[in-house]
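*Asks:* how would this look folded up:
(2 chains)
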Amino acid sequence: MTIRAQVGMVMNLDKCIGCHTCSVTCKQVWTDRPGAEYMWFNDVETKPGVGYPKRWEDQEQWRGGWELDRKGRLRLKAGGKLRKLLSIFANPDLPTLDDYYEPWTYDFEQLVDAPRQRHDPVARARSRITGEQLDEISWGPNWEDNLAGSPERIHHDPLTVGIEDQVKAQYEQAFMMYLPRICEHCLNPSCVASCPSGAMYKREEDGIVLVDQQKCRSWRFCVSGCPYKKVYFNHRSGKAEKCTLCYPRIEQGQPTICSETCVGRIRYLGLVLYDVDRVEAAASVPDEHDLLEAQRSVFLDPSDPLVRAQALADGVPEDWIDAAIRSPVYLLAMKYRVALPLHPEYRTLPMVWYVPPLSPIASTLETDGYEADPDEVFSAVDDPDAMRVPVDYLANLLAAGDGEVIRGVLRRLAAMRHHMRKREVLGEHDDSRPRAVGMTSQEVEDLYRLLAIAKYEDRY
Amino acid sequence: MARPKPRKGPLLGLHRHLRRGPISEEGWSQLVAKDRRWEASYRGRWSHDKVVRSTHGVNCTGSCSWKVYVKDGLVTWETQATDYPSTGPDMPEYEPRGCPRGASFSWYIYSPLRLKRPYVRGTLLALFRQQRERLGDPVEAWASIVDDPEVARAYKRERGRGGFVRASWDDAVDLIAAAHVHTIKRDGPDRVAGFSPIPAMSMASYAAGARFYSLIGGVVLSFYDWYADLPPSSPQTFGDQTDVPESGDWWNAGYLLVWGTNLPTTRTPDAHFMTEARYRGQKVVVVSPDYAEHTKFADHWLAAQPGTDGALAMAMGHVILKEFHVDRSTPYFQQYARRYTDMPLLVTLRERDGVHVPDRLLRASDLDPASEVENGDWKPVLIDERSGEPVVPNGSVGHRYGAPGEWNLRLDGVQPMLSLHEHADEQVAVDLPRFDVGDGEHGGIMRRGVPARRVGGHLVTTVLDLTLAQYGVGRPGLPGDWPTDYDDPQPHTPAWQEAITGVDRRLAARVAREFARNAERTDGRSMICMGAGTNHWFHSDQTYRTFLALVLMCGCQGVNGGGWAHYVGQEKVRPLAGLQTLAFATDWSRPPRHQSATPFFYLASEQWRYEHIRPADHASPLGRGLLDGKHVADVNALAARLGWLPSYPSFDRNPLDLVDEAQASGASVADHVVRELREGRLHFACEDPGAPGNHPKVMTIWRANLLGSSGKGHEYFLKHLLGTSESAVRAQETPPEWRPQDVRWRDEAAEGKLDLLTTIDFRMTSTAIFSDVVLPAATWYEKHDLSTTDLHPFVHTFNPAVSPAWESKTDWQAFERIATRFSELAERHLGVRRDLVVAPLGHDSPDEIAQPLGEVRDWRAGECEPIPGRTMPKLIVVERDYPAVAAKWAALGPLVEQLGTQIKGTSWDASEEVEHLRAHCGAVRGGIADGRPSLRRVEDACEAILSLSGTTNGRLSVAGFRALEKTCGVPMAHLATGSEDLRISFADAQVQPRTVMTSPEWSGIEAHGRRYSPFTINVECDKPWHTLSGRQQLYVDHSWMLELGEGLPAYRPPLRYTAIFGDQGARDGSQRKELTLQYLTPHSKWSIHSEYQDNVHMLTLFRGGGMLWISVEDAAELQIADNDWVESYNRNGVVALRATVSQRIPQGTCLMYHAKDRNVGVPLTELQGRRGGTDNSLTRIVMKPTHFIGGYAQLSFGFNYYGPTGSQRDEVTVLRKRESKVVYE
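*Replies:* Residues are numbered from 1 along each chain as shown, chains lettered A, B, ... in the order given. Next up, the predicted model:
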């Protein structure tokens, strides 16, 4: 056992309002400069939707992440060193600018400078790549905001494969959710493994994955190797760039920009201790449905005296261990088990986890109106399969297709709402709801404080 | 700024350990052998020289504190402050506050959109310079230009069409000041107007111009009603402009109905309280026609058809009344209704065609007409359940202005009888209107019954009994037609609403029952969040009253976690008394010229000439024909001459000259004016808005984008107010038989009414593009100011992170320059004059008991005598020392001590504060303001605002409550006890956001960590509401309200535009396929009104320009693919934009997010070949006659309080796909 500390993040999608403040503050601080115009280290996608870049989740197309070979050994989906070498001058799996979007600006000067003319002046769009006028803006980093254009593309969303009958572009069946994304700072990062130059590395002390801007040689295998498409190529500097988890801020004791500016208060940052020696085995379990538990098994209980002793021996400072005990990431992922990894089937052991969202009851299932007991306001509301976002859709996103995992989380969230309504709104005490989901009242109330009250110092 | 407080989070204490291993030379180290020195590069990007606290003065309710980062003298970016005072350990905090729009603000500062210098249209500037050179005087130069119709016409036609040239500040200000002086001299100060909205978003910047206009006698235009954000239902029901819970109070609600406000989009920094309260057990139900952002958080989505919300609410009321008031009685609801609502008040019944209809409230004067009850016409009556006798309860408006000590809601042993059902003399059939039937607006009649008694010679019933009849909740023995059960399709059952709204009847019933049951179990913690989606309709007051009825039935109002939560445009100036004093210069002269903007623009942009909807069209089938034959402009003229509404310009004569004439004639000004009016020599200007002398001549717009954002009837503005050739109006004029009776119709419509339009802004909006002069404003990171909101209880400061860039100036500096030059030019041209201010009868003053019993008496028609201040407006002479305007502007005047401060009828003496300000700000030396506190520095103006307000100065709060105690006769000063010595200074708020205090300026209690909820003072201290009855009123009995069938809440459908206007298609002979769609203009996710919609970050995040959202079905019908160019048009204009096709939009409806300006990416239209317009190219001002009512208790005029609103949601538009190539020039 070798113990390392990792800074991880949990985003509570149930609270995400899709406002993109995280994207804008990140953009302004990190990628608002030449060569990086199209880069959004942090972006937010409306789901269902194809995302940014288009269809990034389709690894049959992009060949990112890991897979198991016929012998059950882990290997890059894009192929081994030999295939890399053969394709080193023509990487076939790279997204083009069209898959991201062509960044643009406007001729704002015209509004003031226009000479006397026939019509009122207007600022026309201009490409920030070619400098040409753009009369047709046809894609952007959030083109699908709030289901825009969804009817034409809904089934291009890779998450809908196999559940087309549950996901239709119809008013009556409309549903949506938001997915904010940054680099996953994986325990088993395929981007690092893909880099022919050794320019990428995972910081040993905090697990942050970085591209060395001096060593990068522009091969761009990290771009294709990352299944989340969160490594970008700066066409001006000729280097790959990516989310740095705001290490200059983390080092100063400040949360990442995206976390602190998240006005939905959905983001949690925390330390997780893990066993480096078990990473490869965990990423190699044969059944994709076992990957979640495998990754959880890599995380270590910082309250365990043996773990503490070994961590100290491995150079983790004592107060880091204390921080790991209070870590909201550990609590949400391990103790309350409401946070889940994004696409565990990519086998990268990602370290940005998500709490899946509740959603309104589908209208066909809520019509017990005349007879409903007005004190049971959550009747029907606590059935995951009655909700508008199909369980299978969430399972394809956060559980390698295992719907039971999603149901388990949504039931815990619903039980919390039931329990707290009794206690806080009606002034009654009753443990039955927590028990039904295998939790104690105290645990449910602690989870409530962490998710609802969520003070600054509880989030980071 | 102060350093953020240290945080104790588990991760964040660790930073020293993130630097492990041997220390390298630059302070970074590592364990691995790898060379990681390159990591310094990103650390270099994350570095800055200073961080400054500021906020954004945009028209939203965010009022968020931000950290602005500065490096090498340039603003780099911004992130939200997180150091708000805590809400306590058991609820979420207010940190962080701020949205993506605010986060992108720094882009503007150095963007090419930024206005860097003053600009004047070249031809005008050349003319002015040439004439000034020739005549040697700027005022004469201006006169020579505008008094020559040919010359004036020529420069006006060029408006908007480029050709700006740089000007110096001196030249630009010279021109502006000359225009003001000349106009005042020739036409009067009431021909000069200033428009700037929402003081709360930057109070000093607002006050800068409003103070200047108030000092010169110019017209200050309202905004809240004009934006259609004012809910007239609030004055109608509460007698209050708007007062709502802070967002933190959502946390206290057990049940939240979100109905017409998209919280994540329009209340972005606050939405988390809703998402988090769900975990506390709150149920959230969303009513929305589209699957919008807030719908994501709902437990149920009720997809009501656009504009049908009132029907759903009526059915919910039906369920609640039946199950909680009739089938069983709910003690909490009953006790609440008795004391705090008008439900027990008696309503007279009038006979009509053999049955009865509800009439006005019974009054004390009815009980014994001979008796001399003080203000007996203003005191309603109820029956005491114990004695069975009629009783006049305390607390009505008659008590407010009568003997002190009786204006309270104490019952003193009386048990108000809610229903006469078991105590009736007879059961009476009543006819009530319903508006869901028929092709026109009139609707039909339904017959119901009420229990009645004879009191004071009148047949009466109670408001509750009438309400039950209205909602269709039957009781044994009553005559009339009643629904048998919820499945009966008669009004107003769940089945009835299902046919209208499309919402499943059982679901509607379920939500109603849960809402009420939650309120029963929590003593009222059920809340309805409402907003533009339900408030921007023509009949929004009725829709809102159907919502307010639900919270009144369930005892939710005045309760933390309960009641109405109106969230659109309702920004709250917490330090209200101080702001009003400064902004309206009431420290120097009173009253200011406050004008309702909606009727002002209706006349100014000649939209009245295109009117096709007559006031009588809205009348109930049970009406008496009170509005027959009238045009909307006639109603406005009536409102002006009866003193209901302000109307500036007032007369067809210069008000300065009018005073001189009176003096010359030896009569008093009032007598002179009344005689001139009677003898037909003097006319109200609104009776001939087309006459050249009656036009508004000079207008200045600052902190606003009138044309690109709020200007309903955009194309009419361009054509008539500005006279530019770029207008796209397609409408027909009003047919001769529908034209006004009292307002003169001229064959030739006026064009180019304004002589000068000036805009002060930091970006080039379409208002700036169409202006004559554009002055560059400092941005929000370049000035000092104050900001508050009702969404949180804090006072925020603006502070300059950098100096105003290029030649920009703060609004405070700009108006100081204008005032200074104006005063210089006034020496020769104006001097000291006396001005006649024609002021309406005001709310919260004794004026509001001027016109009794809700009867309309027109002195012009001989129905009464013309008596200023009673049957007609007040006529008040105000001295204008024009050369002293700048000196007064820059100093706090003496009326603060001499007359005190009046705020919502409460007053206090702020002499001590004047002393404090004299010491703090320094005293002026010499001149008219000698010895007065200086306001020259904007920080001192901010200090004055805070010092003169009860919310930020505990001494004044206590003084205000003490004064109120005398009127009310109940204890209240305890609400502010403990805050006597607390005062929030500007410097305090620069350090950290500061929490305001409970004050009589507002109706809620916010002390000791309690969240603000409106009317908690009323409920907990028995302080009356500012209504006729002193209670919250379901029933409003003015004769015009009854004429429209709106005595009680009722469902009124959207206006039937298709029936009124017929086909509005292209009619270009092309036979191309078109569809007529309901046109909705919700608030955008990617802008705050027109702000940020031109910001590259926001444009990048959604498709780069204006979009029209349409349904899958409608797109298929017109063969429109996503992102195709389309055109949307109706009689008002044309818009060219692209389509967004989505399943979240219902068939038959299209959405164009509001305030998409025409300056970015908008091509020429295919239909007309002109620039493709804004969302308001498709709208036009439509006004409701009941909003003109005045002189009648809570239906009296107040600035931004009561008046016609500029609704736009009922509009329909025609859509087709664009076929021709897109061209821009």
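
*Asks:* buried set for stretch B:669-677?
*Replies:* Across stretch B:669-677, burial judged by 16 or more other C-beta atoms under 10 Å in any protein chain shown covers B:669-670, B:672-674, B:676-677. Any C-beta I mention is one placed from the backbone N, CA and C, and that applies to glycine too.

*Asks:* Same list (those residues) but as a markdown table, adding distance to residue B:824 and pLDDT.
*Replies:* Converted to a markdown table, the buried residues of stretch B:669-677 look like this (distance: C-beta to C-beta, whole Å; pLDDT from 0 to 100):
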| residue | distance to residue B:824 | pLDDT |
| --- | --- | --- |
| B:669 | 29 | 97 |
| B:670 | 34 | 97 |
| B:672 | 33 | 98 |
| B:673 | 32 | 98 |
| B:674 | 38 | 98 |
| B:676 | 34 | 98 |
| B:677 | 37 | 98 |
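
*Asks:* Just those residues: which are in strands?
*Replies:* Among the buried residues of stretch B:669-677, the subset assigned to strands under DSSP state E is empty.

*Asks:* List just the nearest of these to residue A:426.
*Replies:* Ranked by distance to residue A:426 (C-beta to C-beta), the buried residues of stretch B:669-677 are led by residue B:670 at 63.0 Å.

*Asks:* was I right about that closest one contacting residue B:868?
*Replies:* Yes: if you go by C-beta atoms under 8 Å, residue B:670 and residue B:868 touch, sitting 5.0 Å apart.

*Asks:* helix or strand for residue A:269, which one?
*Replies:* Per DSSP states H and E, residue A:269 falls inside strand A:267-275.

*Asks:* quick one: is that strand near chain B?
*Replies:* Yes: using C-beta under 8 Å from any C-beta of the partner chain, strand A:267-275 comes into contact with chain B via A:269-271.

*Asks:* Check the average confidence over that strand, would you?
*Replies:* Across strand A:267-275, the average pLDDT comes to 98.

*Asks:* by contact count, what packs against it?
*Replies:* Of the remaining helices and strands, those touching strand A:267-275 by 3 or more C-beta pairs under 8 Å, 6 or more residues apart in numbering or on different chains; DSSP states H and E are strand A:3-12, helix A:257-260, helix A:318-325, helix A:328-330, helix A:456-459.

*Asks:* Residue B:1219 is nearest to which of the ones you listed?
*Replies:* Nearest of the helices and strands packed on strand A:267-275 to residue B:1219, taken as C-beta to C-beta: helix A:257-260 at 44.3 Å.

*Asks:* Residue ranges in the chain under the pLDDT threshold?
*Replies:* All of this is about chain A. Screening chain A residue by residue with the criterion pLDDT under 70, one finds the ranges A:364-369.

*Asks:* other chain: chain B
*Replies:* Scanning chain B for pLDDT under 70 picks out B:1-10, B:12-33.

*Asks:* tell me the domain ranges of it?
*Replies:* Domain segmentation of chain B under the TED database yields B:308-566, B:1065-1217.

*Asks:* Work out which residue lies at the spatial centre of the chain.
*Replies:* You didn't say which chain, so I picked chain A. Residue closest to the mean C-alpha point of chain A, counted by C-alpha atoms, centre = their mean, is residue A:181 at 4.2 Å.

*Asks:* wrong one, chain B
*Replies:* Geometric middle of chain B (C-alpha atoms, centre = their mean) lands on residue B:224, at 1.9 Å.

*Asks:* ok, back up a step: now find how far off-centre the strand holding residue A:269 is within its chain.
*Replies:* Offset of strand A:267-275 from its chain centre (C-alpha atoms, centre = their mean, to the nearest Å): 15 Å.

*Asks:* again with stretch B:282-294
*Replies:* Distance of stretch B:282-294 from the chain centroid (C-alpha atoms, centre = their mean) equals 24 Å.

*Asks:* Any residue of it touching chain A?
*Replies:* Yes: Stretch B:282-294 lies within reach of chain A by C-beta under 8 Å from any C-beta, at B:282-283, B:286, B:291-293.

*Asks:* Find the closest residue to chain A in the stretch 901-1050 of chain B.
*Replies:* With C-beta to the nearest C-beta, the shortest gap between the stretch 901-1050 of chain B and chain A falls at residue B:1009, namely 14.3 Å.

*Asks:* OK, contacts around that residue?
*Replies:* B:87-88 (C-beta atoms under 8 Å, 6 or more residues apart in numbering or on different chains).

*Asks:* before we move on, the earlier item: in strands only, show me the residues of stretch B:282-294 next to chain A.
*Replies:* Mapping the residues of stretch B:282-294 next to chain A onto strands (DSSP E) picks out B:283, B:286.

*Asks:* out of the residues of stretch B:282-294 next to chain A, who has the most neighbours?
*Replies:* residue B:282 (29 neighbours; other C-beta atoms under 10 Å in any protein chain shown).

*Asks:* Let me see the contact set for it.
*Replies:* By C-beta under 8 Å, 6+ apart, the contact set of residue B:282 is A:421, A:425, B:250, B:253-256, B:274.
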